[in-house]
Every structure is written in structure tokens, then in C-alpha cells.
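> predicted model follows, preceded by the sequence.
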Amino acid sequence: MAYFEDLSAYSYSDVDIIEMDWGWLQFRPGYDRINVGWLDASHAFEEGPTPNWFTDALLDIIAAPRINTMRGYHRCPFCPKRSADPMLSVDHPSGALLLGHTEIRVPSGQGVMFAAPSLIWHYVTAHSYRPPAEFIEAVKQYDHGWTSEPSPWVPQDAQRITFD
């Protein structure tokens, strides 16, 4: 997986693609995307406790519409490597969630959106990663309706790709 320093500008993809029930929305974001949780074994990261509610709230965000789904997947760079390891999976009330092939977006104030890999949940729960306080607060304030239309986050000229 690519490493990006926490709170640096996101540059992994020029577009955001949101998976919807009917297809995908693809657009160039008009908001600033800020990296959180793009960890790598060769770089130190902040460790420590997170609030009790945090991991459940983060998992609910991962269960929300998927962002930038990739065909391949990333394994955790901190866990022992085994050649036949499947993707990490975690139970959620909506069903099993696969980690390592999608991203999440978390709105944080006017025109700013945090961008994180779905593996962030694993990093927090298995490796004691403590995301920046600004991200933790944004997760607490998360608006599950940010992907609905109309939305100040999704431009009206977003390309709609349907399953038809």
C-alpha cells in the first residue's frame, strides 16, 4: 500500500468513485482531501487509545457506500505475511466487511474531507494506531447523508455509471 503522512494532501487518485445501489458516481472532488491512516511498516505512526465509541463508528463508515474500490487488495504491512492470506474481514450488522480494497471519506468542515484506506479500522484495533484528533472528531460528527443527492460534496456534473 502507498504511504502518506497523516494530514498531508491526498494524491492517490484524481477522482472519487462512490458505489451506489444503482451504479457509481464518479467526479473530481471540489473539496480538499486530507490523508489519514495510510500506514507502512517503514514509517512510525502515532499509537495510543481511542475513545470507546470510535471503532464501532469507524466500522459504520466503512459499511457506508464504498469509495474508490480497487480490483486488487492490500494486506496489513504489520501482520506476519503468509502467501495465501485472504483479505481481512470483519463482522458488521450489515454483513461481513472486507478491508484493504476500498477507501472511506469523512467530511470535516467546509470543503475538507478526510481520505483513509478501509484498513484503518484494522490498524486501530490490531496495532493501536491513533489517528489525529481532528479525524477522531470528524468520525464522531459523521454525516451518513453526504453521498445522497443533492449534496454539497457531490457535484451536479458527476458522471453516473449505471449497472444497466
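Okay, I see it.

> alpha carbons only for contacts and neighbour counts from here, please
Noted.

> what residues of the one helix or strand residue 134 maps to count as buried?
Assigned by DSSP states H and E, residue 134 belongs to helix 133-140. Neighbour counts using 16 or more other CA atoms under 10 Å place 135-136, 138-139 of helix 133-140 among the buried residues.

> name the helices or strands packed onto the strand or helix carrying residue 56?
Taking DSSP H and E as the definition, one finds residue 56 inside helix 54-63. Secondary-structure packing of helix 54-63 (3 or more CA pairs under 8 Å, 6 or more residues apart in numbering; DSSP states H and E): strand 103-107, helix 120-127, helix 133-140.

> any chance of CSV for these, columns mean pLDDT and distance to residue 5?
Shown next, in CSV, are the helices and strands packed on helix 54-63 (pLDDT from 0 to 100; distance: least, CA to CA, whole Å):
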stretch, mean pLDDT, distance to residue 5
strand 103-107, 97, 16
helix 120-127, 97, 13
helix 133-140, 98, 14
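
> can you check which of those gets nearest to residue 18?
strand 103-107 (9.6 Å; CA to CA).

> the next helix or strand after the closest one pairs with which strands, and in what direction?
Downstream of strand 103-107, the first helix or strand assigned by DSSP H and E is strand 112-117. According to DSSP bridges, strand 112-117 forms sheet pairs with strand 32-35 (parallel), strand 103-107 (antiparallel).

> may I have the last one exported as PDB, CA atoms only?
C-alpha atoms of strand 103-107 as PDB (Å, rounded to 0.1, in the frame of the first residue of the first chain):
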ATOM      1  CA  GLU A 103     -11.300   3.900   0.900                       C
ATOM      2  CA  ILE A 104     -13.500   6.000   3.200                       C
ATOM      3  CA  ARG A 105     -14.300   9.700   3.200                       C
ATOM      4  CA  VAL A 106     -15.100  11.600   6.300                       C
ATOM      5  CA  PRO A 107     -16.400  15.200   6.000                       C
END
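
> report the central residue of this structure.
residue 104 (2.2 Å; CA atoms, centre = their mean).
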